[in-house]
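Engineer: All I have is the shape, not the residue letters:
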Ligand code: OVV
């Protein structure tokens, strides 16, 4: 049998654990790992990988905010780009530090500003209404295929300005990108197999001539014409949209359906006042965070909450655990759309916080409002099938039905 690696504690008496959070059953059900993080916190050394880990809201937030010490340019996964070759050219925004990060961030934040996106709403609403109307007569269906995938896989590529063909490659690619943030386990190998044809296809879609005018991809190339970025940078920024923009919202919408199916009283609260959709989405992200893990790398010797951290150390930030931290929200384990979940960390915190959040919110909000207007009951009709992913947590299948009602 293959010997599992073992990394000694970095100092005597350091809190350690030999749990492997990347075992499939922990990825599918993180409760035991969360318990380990809480019991040994605020930081615990994972002997299996030789990294620090935290799931405390205070420390996760502090490390995200301290972007000078805890850099992103050495990768935001388990791998250290300083010592290991990344599988693709690093992202110019996700895997970069200031000042380079700042310039790229400015481009994407203006392309993806709430204002720039407001023109998309009407088209999103039309698509959501058609889809929900069709499902109201459908009996039992898979909420993942029909809603969580079906809605964004239409509106998102249209918003970016992609061709109509082969859009399923976007899901394969996103799945690969997120799985590659973890160890090179079976799950990552399967993702790579599945995405074999997607990688070259993605690179092609990022080229200027494959992007429709008047859509987000073309808007990014507008910054080339104004001399602010190069053509190569533009194509990599489009790649960022395609990497981060679809699987995340698919998972978020799936988690949203599950939350409301499990909490029918909360569904009635939303139906009474559909304007709560924006806050409801934020509460879904807190209660069932789509991205469970990002890493940072200590670029110098430092300490966090009294724990010394050496230069080069990776720190696993468990976002979904932090979002259920009862030190931050005494009733963290209650799904309550009437709370104001300010400070929830699902989009990250600080300079790297999700730049596409307004687009994600628009998609989810439109779908949620459409459902709230037309649907009396959301009900599971079978067991949800979890989707084990090294960085995302959600469902592969969600058997359900919806019932019409004013
Ligand atoms: C997985 C992920 C998240 C956010 C951004 C990117 C990727 C990127 O490629 O820039």
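Structural biologist: Cool, got the structure. Just so you know, these numbers come straight off a predicted model, no measurement behind them.
Engineer: only C-alpha atoms for contact and neighbour calcs from this point on.
Structural biologist: Noted.
Engineer: any idea which element the one residue in the stretch 151-300 of the chain that gets nearest to the ligand lies in?
Structural biologist: Nearest residue of the stretch 151-300 of the chain to the ligand, counting by CA to the nearest ligand atom: residue 240, 3.6 Å away. Assigned by DSSP states H and E, residue 240 belongs to helix 231-244.
Engineer: Which secondary structure elements does that helix sit against?
Structural biologist: helix 168-179, helix 198-205, helix 216-225 (3 or more CA pairs under 8 Å, 6 or more residues apart in numbering; DSSP states H and E).
Engineer: Distance from the chain centre to it, please.
Structural biologist: 17 Å (CA atoms, centre = their mean, to the nearest Å).
Engineer: got the contact list for it?
Structural biologist: Applying CA atoms under 8 Å, 6 or more residues apart in numbering, the set of residues contacting helix 231-244 from outside is 91-93, 104, 108, 170, 173-174, 177, 202-203, 206-208, 217, 220-221, 223-224, 356.
Engineer: mean confidence for the strand or helix carrying residue 295?
Structural biologist: Per DSSP H and E, residue 295 falls inside strand 293-298. The pLDDT scores in strand 293-298 average 98.
Engineer: how much does that strand deviate in direction from helix 168-179?
Structural biologist: Counting by axes from the mean of the first three to the mean of the last three CA atoms, to 10 degrees, strand 293-298 lies at 50 degrees to helix 168-179.
Engineer: The following helix or strand past strand 293-298: partners in the sheet, and parallel or antiparallel?
Structural biologist: Moving toward the C-terminus from strand 293-298, the next helix or strand (DSSP H and E) is strand 302-304. Paired with strand 302-304 in the same sheet, following DSSP bridges, are strand 307-309 (antiparallel).
Engineer: Now do the buried residues in stretch 274-281.
Structural biologist: Using 16 or more other CA atoms under 10 Å as the test for burial, stretch 274-281 gives 274, 276, 277, 278, 279, 280, 281.
Engineer: Show the buried residues in the contacts of helix 231-244.
Structural biologist: 91-93, 104, 108, 170, 173-174, 177, 202, 206-208, 217, 220-221, 223, 356.
Engineer: from the residues you listed, which are also near the ligand?
Structural biologist: 91, 93, 177 (CA under 6 Å from any ligand atom).
Engineer: Buried ones in the helix-or-strand element of the chain with minimal mean pLDDT, by neighbour count?
Structural biologist: Here the helix or strand of the chain ranked lowest by mean pLDDT, DSSP states H and E is helix 114-117, holding a mean of 93. Within helix 114-117, the residues scored as buried using 16+ other CA under 10 Å are 114, 117.
Engineer: Now the element after that helix, going C-ward?
Structural biologist: Using DSSP H and E, the next helix or strand after helix 114-117 towards the C-terminus is helix 121-136.
Engineer: Just the buried residues of that following helix, please?
Structural biologist: 124, 125, 127, 128, 129, 131, 132, 135, 136.
Engineer: Reformat the residues you listed as CSV; add pLDDT.
Structural biologist: CSV is the format used below for the buried residues of helix 121-136 (pLDDT from 0 to 100):
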residue, pLDDT
124, 98
125, 98
127, 98
128, 98
129, 98
131, 97
132, 98
135, 97
136, 96
